[in-house]
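1. Pasted the sequence and its predicted model underneath.
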Amino acid sequence: MDAWYRSLSPTERGELLRDAWRAGRELQLAGLRARLPQENEAQLELRPAERWLGPERFARVREQRRERGMG
């Protein structure tokens with residue numbers, strides 16, 4: 001597998017990374033949908049960011065976005 005990966009161009013490697021990231025994100029959202037059926041898609045989309053940033057920083061970012069009219 002190493003030889004195969006090394007044979008890829010930088011663009012192809014980037015595409016693989018992008019596809020893997022998208023697949024991981026879809027799996028993460030599918031798990032959230034299963035655990036939190038009461039939440040809508042917009043709420044579910046924010047869950048990974050909240051987990052990554054932590055509740056305090058996430059709250060600050062959300063407030064800043066509201067102040068700037070960004071939702």
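-> It's in.
2. Can you get me the centre-to-centre distance for the helix ranked longest in the chain and its chain?
-> Longest helix in the chain, counting residues (DSSP state H): helix 10-35. On the basis of CA atoms, centre = their mean, to the nearest Å, the separation between the geometric centre of helix 10-35 and that of its chain is 8 Å.
3. Residue 51: what secondary structure?
-> helix (DSSP: H, G, I helix; E, B strand; the rest coil).
4. Now do the longest helix of the chain: which elements does it pack against?
-> helix 41-53 (3 or more CB pairs under 8 Å, 6 or more residues apart in numbering; DSSP states H and E). Every C-beta, even on glycine, is put in place using the N, C-alpha and C of the backbone.
5. Format the CA atom coordinates belonging to the helix it packs on as PDB.
-> C-alpha atoms of helix 41-53 as PDB (Å, rounded to 0.1, in the frame of the first residue of the first chain):
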ATOM      1  CA  GLU A  41     -29.900  19.100  10.900                       C
ATOM      2  CA  ALA A  42     -28.600  22.600  11.700                       C
ATOM      3  CA  GLN A  43     -28.300  21.600  15.400                       C
ATOM      4  CA  LEU A  44     -26.500  18.400  14.500                       C
ATOM      5  CA  GLU A  45     -24.100  20.200  12.200                       C
ATOM      6  CA  LEU A  46     -23.000  22.300  15.200                       C
ATOM      7  CA  ARG A  47     -22.300  19.400  17.500                       C
ATOM      8  CA  PRO A  48     -18.900  18.500  16.200                       C
ATOM      9  CA  ALA A  49     -17.700  22.100  16.400                       C
ATOM     10  CA  GLU A  50     -19.000  22.400  20.000                       C
ATOM     11  CA  ARG A  51     -17.100  19.300  21.000                       C
ATOM     12  CA  TRP A  52     -13.900  20.400  19.300                       C
ATOM     13  CA  LEU A  53     -13.900  23.900  20.600                       C
END
